[in-house]
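Participant: Following is a predicted model, sequence given first.
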Amino acid sequence: MNLAIGTAGTIAIVLLVIMLIALAVLVVVGKKAQKRQEENEKAIAEAAQDMKLYIIDKKKGKITDANLPKGIMESIPKMAKLSKMPLVKAKVGPKIVTFICDAKVFETLLPKQEVMATVSGLYITKARRLKGPVYQKEDKKKKGLFGRKK
């Protein structure tokens, strides 16, 4: 029995093998990244403490413009330095400090409000308002062509 596979069949088999190898590599790298993230979350949870903060300003900006201490700036990866991060300038007691904020928490914070925040180093993981309801950003749904004409 002679199986003749043409050049198209050979190319298809080679591509299939390459895709399977790439998939296996992605699974292994993904598992390692997930373990690393779980370890970081445990470390953040262990170092967490509650603080009363008065939010002065919040913005998404480059971390190099945030006036963070040198030790922290050196420990941040290069890719994180280039990307924009949620930054919160808050008053803690008599000092004004710039914090890096979790993206979910950043959406619930408003300037000129007092919050009780769970802080791990300079990273805000949770926050709740002391006075008044928690701010929830409204989802703006895009109206279609016919929805605008009403």
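Facilitator: Now that the structure is in, tell me what you want to look at.

Participant: all contacts plus neighbour counts: C-alpha atoms, from now on.
Facilitator: OK.

Participant: list the helices and strands the top strand by length along the chain packs on?
Facilitator: Assignment by DSSP state E gives strand 49-62 as the longest strand of the chain. Judged by 3 or more CA pairs under 8 Å, 6 or more residues apart in numbering; DSSP states H and E, strand 49-62 is in contact with strand 84-92, strand 113-120.

Participant: I'd like the distance from that strand to the chain centre, please.
Facilitator: 16 Å (CA atoms, centre = their mean, to the nearest Å).

Participant: Kindly export that strand (C-alpha atoms) in CSV.
Facilitator: Extracted as CSV, the C-alpha positions of strand 49-62 are listed here (Å, rounded to 0.1, in the frame of the first residue of the first chain):
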residue,chain,number,x,y,z
GLN,A,49,-2.9,47.1,56.1
ASP,A,50,-5.9,49.4,56.4
MET,A,51,-5.4,53.1,56.1
LYS,A,52,-7.7,56.2,56.0
LEU,A,53,-6.9,58.1,52.8
TYR,A,54,-8.2,61.4,51.5
ILE,A,55,-8.1,61.2,47.7
ILE,A,56,-6.6,64.4,46.2
ASP,A,57,-6.3,63.3,42.6
LYS,A,58,-6.5,60.3,40.4
LYS,A,59,-5.2,59.7,36.9
LYS,A,60,-3.8,57.1,34.5
GLY,A,61,-0.3,58.0,33.7
LYS,A,62,3.2,56.7,33.3
